[in-house]
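Student: Next input, structure requested:
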Amino acid sequence: MIEKIYSFIKENRLLSEGDTVVCGFSGGADSTGLLLSLYKLRERLSINIEAIHVNHCLRGEESDRDERFCADLCERLNIPFNAVSCNVREYAKLHSLSDEEAARKLRYGIFEKYSVGKKIATAHNANDNLETVILNISRGTALKGIAGIPVKRGNIIRPLLAVSRNEIESFLFAEKQNFVTDSTNLSDDYTRNKIRHKIIPLISELNSSAVETSVRSLSVLRDENELIESETDTAYEKCRNGNKLTGLSQYHRVIRRRCISRLLSENGLPYSSQRLEESDNILVNGGKINVSKDLYLISDGNSLELSCIVKETEQEYTEKDLVIGENQIYDDKTLICELIECDNLKKNVLVNKKLTFYVADYDKIIGRAVVRKRKFGDKIQLKGRNFTSSVKKLINETVPSEKRSKLHFIEDEHGTVFAECIGIAQRVAPDENTVRFLKISVK
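Tutor: Now for the predicted structure:
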């Protein structure tokens, strides 16, 4: 077993000369096997060994017994040792987690704290890996989940992934090294224990070497997953600008979905395979989906952006009397209204061939006119049309997502006569009888 672990460490470049590796040491067979094997390899690998024990305080005296065992073995081997206690049940209740998940989060938090500038080694073995794959498949997963436990992640390494639990126990028996047994591992109260005690034995009836065979299969899947991750790294770096991914649609959908999952994860947003499929669909075809509260993924078919869109209710809008001159309802934008005679307007149009402004017949505006923000239920009959349209629909069709939250509208006593980025109403459109033109522009 020692040679197998040594080869696995070298092949996967888990440790370098001079490294200090902190072993997560529970006192069970797996972690005892990890500690003892690395201790025996310390000179060949030119590494330093330390140990960290996390007392979850879940089993009373039994938990304290495990801590004493770990401390005694490290003292006998002259391995620097730390023990840290944590209140799993209190943390689980506070964060609405199962005891199992709370213990895992606390444990890895402690590992991180005590391994700064060092490597942290955990005792996951081939059996654990196969159990993880079965658990992931039962819950639904893609290649990353089927590939199992990563050999390394950050400064965390897993030197025992190529050896089975039987090999570890045989090694400890040959070394005359005892270990402790966590009584909760004997119960089927936990999902993983059901897989360990019921499903793995059934699989082993079909193939007595199922665990050993899985080592080779999962190694191939990990290699393939690493290749896809490398391609994803390249695409993500090239396409990402803040919370926007541009040009991602040219990549294979596997890469696209992984990039989207990273964008969501980095913003603390959960996702499912269905959510990734929906997101990929709008990335390619354009559209918008709500991902959480006011957060939306919005795409124009070329770029995909995570944006916050605060919905305004019917009452949540601002209006001010329209004035000839500057109208200010936003801090960073101004609506400018000018009265222009017919001949002067023609000169304006010649200078501004792209028509960066809008023109209405000022005398067709009825009663009090106001400039305001968009409001719920807005409708307008645009110039040149004989039907009324929903402003919301027009905005979704024509206005880029980043501009939608700050649009100007002009309304008279008969309704909307102007919508920024959309146009003017038919009823105020200039004709051959127009005397005074209202020139509308935005600065």
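Student: Look at Glu100 and say how many residues are nearby.
Tutor: Glu100 has 17 neighbours, counted by other Cβ atoms under 10 Å. Where C-beta positions appear, they are placed from N, C-alpha and C, glycine not excepted.
Student: and it, what element?
Tutor: Taking DSSP states H and E as the criterion, Glu100 maps to helix 99-113.
Student: Give me the residues contacting that helix.
Tutor: 22, 24, 52, 54, 56, 58, 84, 86, 88-89, 91-92, 95, 97, 120, 122, 156, 190, 192 (Cβ atoms under 8 Å, 6 or more residues apart in numbering).
Student: Using PDB, write out every CA atom in that helix.
Tutor: C-alpha atoms of helix 99-113 as PDB (Å, rounded to 0.1, in the frame of the first residue of the first chain):
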ATOM      1  CA  ASP A  99     -25.500  17.600  11.600                       C
ATOM      2  CA  GLU A 100     -23.500  15.900   8.900                       C
ATOM      3  CA  GLU A 101     -23.300  19.000   6.700                       C
ATOM      4  CA  ALA A 102     -22.600  21.300   9.600                       C
ATOM      5  CA  ALA A 103     -19.700  19.100  10.800                       C
ATOM      6  CA  ARG A 104     -18.200  19.100   7.300                       C
ATOM      7  CA  LYS A 105     -18.400  22.900   7.000                       C
ATOM      8  CA  LEU A 106     -16.800  23.400  10.500                       C
ATOM      9  CA  ARG A 107     -14.200  20.800   9.900                       C
ATOM     10  CA  TYR A 108     -13.000  22.300   6.600                       C
ATOM     11  CA  GLY A 109     -13.000  25.800   8.100                       C
ATOM     12  CA  ILE A 110     -10.700  24.600  10.900                       C
ATOM     13  CA  PHE A 111      -8.500  22.800   8.300                       C
ATOM     14  CA  GLU A 112      -8.100  26.000   6.400                       C
ATOM     15  CA  LYS A 113      -7.200  28.000   9.500                       C
END
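Student: What residues of it count as buried?
Tutor: Asp99, Glu100, Ala102, Ala103, Lys105, Leu106, Arg107, Ile110, Phe111 (16 or more other Cβ atoms under 10 Å).
Student: Looking at those residues, spot the one nearest Asp412.
Tutor: Taking Cβ to Cβ as the measure, Lys105 is the one of the buried residues of helix 99-113 closest to Asp412, at 59.9 Å.
Student: shaky segments in the stretch 251-400 of the chain?
Tutor: The model of the stretch 251-400 of the chain has pLDDT under 70 over residues 310-317, 342-356.
Student: Export the buried residues of helix 99-113 as TSV, with columns for pLDDT.
Tutor: As requested, the buried residues of helix 99-113 are exported to TSV (pLDDT from 0 to 100):
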residue	pLDDT
Asp99	83
Glu100	82
Ala102	88
Ala103	88
Lys105	90
Leu106	91
Arg107	91
Ile110	91
Phe111	91
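Student: related to what we said a few turns ago, C-terminal to the helix holding Glu100, what's the next element?
Tutor: The helix or strand immediately downstream of helix 99-113 is strand 119-121, counting by DSSP H and E.
Student: helices or strands up against the very next helix or strand once past that next one?
Tutor: Per DSSP H and E, the first helix or strand lying C-terminal to strand 119-121 is helix 126-139. Helices and strands touching helix 126-139, by 3 or more Cβ pairs under 8 Å, 6 or more residues apart in numbering; DSSP states H and E, are helix 143-146, helix 191-194, helix 200-206, helix 210-239.
Student: Need those helices in CSV (columns: mean neighbour count and distance to Phe437).
Tutor: Shown next, in CSV, are these (neighbours: other Cβ atoms under 10 Å; distance: least, Cβ to Cβ, whole Å):
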stretch, mean neighbour count, distance to Phe437
helix 143-146, 16, 62
helix 191-194, 15, 73
helix 200-206, 11, 81
helix 210-239, 16, 45
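Student: Make JSON lines out of the ones you listed and add mean pLDDT and distance to Glu413.
Tutor: JSON lines is the format used below for the helices and strands packed on helix 126-139 (pLDDT from 0 to 100; distance: least, Cβ to Cβ, whole Å):
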{"stretch": "helix 143-146", "mean pLDDT": "83", "distance to Glu413": "61"}
{"stretch": "helix 191-194", "mean pLDDT": "80", "distance to Glu413": "66"}
{"stretch": "helix 200-206", "mean pLDDT": "89", "distance to Glu413": "77"}
{"stretch": "helix 210-239", "mean pLDDT": "91", "distance to Glu413": "49"}
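Student: would you turn these into a markdown table with distance to Ser63?
Tutor: Below are the helices and strands packed on helix 126-139 laid out as a markdown table (distance: least, Cβ to Cβ, whole Å):
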| stretch | distance to Ser63 |
| --- | --- |
| helix 143-146 | 31 |
| helix 191-194 | 18 |
| helix 200-206 | 26 |
| helix 210-239 | 29 |
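Student: In terms of helices and strands, where is the one residue sitting closest to the centre of the chain?
Tutor: By Cα atoms, centre = their mean, the chain has its centre lying nearest to Ser265, at 1.1 Å. For Ser265, the enclosing helix or strand under DSSP H and E is helix 253-266.
Student: what about Arg104, distance to Asp363?
Tutor: Per Cβ to Cβ, to the nearest Å, Arg104 is found 73 Å from Asp363.
Student: Over to Ser219?
Tutor: 80 Å.
Student: got it, and Gly423?
Tutor: For Gly423, the distance to Asp363 - Cβ to Cβ - is 19 Å.
Student: more neighbours, these two?
Tutor: Ranked by neighbour count (other Cβ under 10 Å), Gly423 and Asp363 place Gly423 first, with 18 against 13.
Student: ok, now which ones touch the more buried one?
Tutor: Per Cβ under 8 Å, 6+ apart, neighbours of Gly423: Tyr358, Ile380, Leu382, Lys383.
Student: wouldn't the last one be in contact with Ala419 here?
Tutor: No - the criterion here is Cβ atoms under 8 Å, and Lys383 misses it with Ala419 at 11.1 Å.
Student: Compare the two and say which is more crowded by neighbours.
Tutor: Per other Cβ under 10 Å, whichever of Lys383 and Ala419 has more neighbours is Ala419, with 26 against 16.
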